[in-house]
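> I'd like to go over a predicted model; first the sequence, then the structure.
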Amino acid sequence: MAEDTGTLPDQVVPTRDPASENGSGSPGSADPGAADVPDLDAPPERRWTWRTRLWRDKSLLIMTAPAVLLLVVFNYIPMFGSVVAFQYYDIYNGFRNSPFIGLDNFERLFRDPNFWMALENTLTISAVQLILYFPVPIALALMLNSLMSTKLRSFVQSVVYLPHFFSWVLVVTIFQQMLGGAGLVNTLLRNGGLPTIDIMTDPDTFALLVTSQAVWKEAGWGIIVFLAALAAIDPTLYEAAAVDGASRWRRTWHITLPGIRGVIVLMLVLRLGNALTVGFEQMLIQRKAVGFQASEVLDTFSYYYGVVTSDFGYGAAAGLFKGVLSMILIIGANKLAHAFGEDGLYRR
């Protein structure tokens with residue numbers, strides 16, 4: 001009889017067939033269901049099939065479905081109307097019966113000095129807003145994030161959010177009452193014996209005027225994204241930095257700003273992609289006060305030369321030019337973000 005040594009038998013460990021792992025096994029011996037077996041060595045997110053991903057994210061997909069539907073109906077389906085830019089469009093004949101004229105509308109467009117004036121005004125106002133408006137929501141978010149009192153923070157947020165819900169008619173009216181010829185500022189200057197200033201009707205300061213209006217109306221609403229990014233920063237980083245003796249400014253410079261850098265780059269890319277849209281209603285309301293030489297932008301150009309004059313093909317050509325140029329700007333800005341190591345709109 002064999003002597004019992006008291007040791008347990010070796011544990012049987014299943015082995016893998018190398019040929020089946022690298023796909024070099026014979027077709028006849030392949031398991032038909034092997035493609036459905038997840039790779040145990042892969043990260044968990046790579047083991048999921050697309051059906052599993054859809055089921056996992058079903059709540060998010062249902063929540064975003066209305067927004068996607070609105071985007072398709074009001075943004076993508078109207079893109080088929082771009083064919084009007086290549087036609088002498090007649091509203092009574094429709095798309096099918098309107099004569100096709102090729103690039104004639106674009107040739108007229110590029111020979112029109114008013115178009116180049118509108119493009120110059122658009123780029124000028126967009127550049128001013130990029131320099132003076134874009135940093136404001138970031139600064140406001142940093143200031144609100146530094147407030148210790150929750151009640152004070154909620155009150156300030158409510159105050160700065162409120163102008164977003166005002167119409168542009170109301171915003172321009174408020175500025176008129178403050179900065180107009182008979183407004184509060186000029187009234188105080190007259191009472192003090194000082195010369196008055198003409199801001200609301202001065203073409204030279206129109207870019208600064210519309211930028212200040214946009215800051216007052218939209219800067220508070222723009223801080224929402226940055227506040228969400230600030231909330232995602234690990235608080236222990238600030239605690240460790242404070243223990244090491246870092247001041248508030250150094251914590252902001254070395255922790256806060258790097259923590260929201262990806263969001264800042266993303267919003268900058270989106271802003272550059274939307275650079276040619278500087279506010280149709282805002283410009284339309286103030287067009288008569290400052291003159292079209294200062295307030296004419298691509299959106300108002302398409303409206304006046306396309307809709308008002310019933311030259312729909314010409315207006316559509318201007319709108320299509322704006323869309324193509326915006327796409328070039330957003331692709332270029334996204335590639336620049338990749339060059340600096342950021343994700344931008346999507347990862348490489």
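Structure's in. What do you need? Residues are numbered from 1 along each chain as shown.
> What's the mean pLDDT across stretch 122-131?
Stretch 122-131 shows a mean pLDDT of 92.
> Now that stretch: buried residues?
122-123, 125-126, 128-129 (16 or more other CB atoms under 10 Å). Backbone N, C-alpha and C define where each C-beta goes, glycine included.
> Please apply the same query to stretch 192-203.
For stretch 192-203, by 16+ other CB under 10 Å, it's 199-201.
> Same question for stretch 314-324.
Using 16+ other CB under 10 Å as the test for burial, stretch 314-324 gives 314-322.
> cool, and stretch 95-109?
98, 105-106, 109.
> Can you give me the neighbour number for Asn191?
8 (other CB atoms under 10 Å).
> for Pro258, that is, sorry about that
Counted with other CB under 10 Å, Pro258 comes out at 11.
> elements contacting the helix or strand hosting it?
Taking DSSP states H and E as the definition, Pro258 sits inside helix 257-259. Helices and strands touching helix 257-259, by 3 or more CB pairs under 8 Å, 6 or more residues apart in numbering; DSSP states H and E: there are none.
> what comes into contact with that helix?
Contacting residues not belonging to helix 257-259 are listed as 229-230, 232-233, 237 [CB atoms under 8 Å, 6 or more residues apart in numbering].
> can you rerun that using 6 Å?
Ile233 (CB atoms under 6 Å, 6 or more residues apart in numbering).
> next structured bit after that helix?
Immediately after helix 257-259, counting by DSSP H and E, sits helix 261-273.
> Now that next one - C-alpha only, PDB.
Output of helix 261-273 as PDB, limited to C-alpha atoms (Å, rounded to 0.1, in the frame of the first residue of the first chain):
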ATOM      1  CA  ARG A 261      -8.100  72.800 -18.900                       C
ATOM      2  CA  GLY A 262      -9.800  70.200 -21.000                       C
ATOM      3  CA  VAL A 263     -13.200  71.900 -20.600                       C
ATOM      4  CA  ILE A 264     -11.700  75.300 -21.500                       C
ATOM      5  CA  VAL A 265     -10.100  73.900 -24.700                       C
ATOM      6  CA  LEU A 266     -13.400  72.200 -25.600                       C
ATOM      7  CA  MET A 267     -15.400  75.400 -25.100                       C
ATOM      8  CA  LEU A 268     -12.800  77.300 -27.100                       C
ATOM      9  CA  VAL A 269     -13.100  74.900 -30.000                       C
ATOM     10  CA  LEU A 270     -16.800  75.200 -30.000                       C
ATOM     11  CA  ARG A 271     -16.500  79.000 -29.800                       C
ATOM     12  CA  LEU A 272     -14.200  79.100 -32.800                       C
ATOM     13  CA  GLY A 273     -16.600  76.900 -34.700                       C
END
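> Does anything pack onto it? Which helices or strands?
Of the remaining helices and strands, those touching helix 261-273 by 3 or more CB pairs under 6 Å, 6 or more residues apart in numbering; DSSP states H and E are helix 312-339.
> Report the mean per-residue pLDDT for the helix it packs on.
Helix 312-339 comes out at a mean pLDDT of 88.
> what is the orientation angle of it with helix 261-273?
160 degrees (axes from the mean of the first three to the mean of the last three CA atoms, to 10 degrees).
> how near is Trp50 to Asp57?
Applying CB to CB, to the nearest Å, the value for Trp50 to Asp57 is 11 Å.
> who has more neighbours, these two?
The neighbour count for Trp50 versus Asp57, taken as other CB under 10 Å, is higher for Asp57 (12 against 7).
> Phi and psi next, for the more buried one.
phi -100, psi 20 (degrees, to the nearest 10).
> Can you read off the pLDDT for it?
85.
> ok, so what distance separates it from Leu188?
Asp57 is 58 Å from Leu188, by CB to CB.
> Same check on Gly341?
51 Å.
> Out of the buried residues of stretch 122-131, the closest to Val156 would be?
Lowest distance from Val156 to the buried residues of stretch 122-131 (CB to CB) belongs to Gln129, with 23.3 Å.
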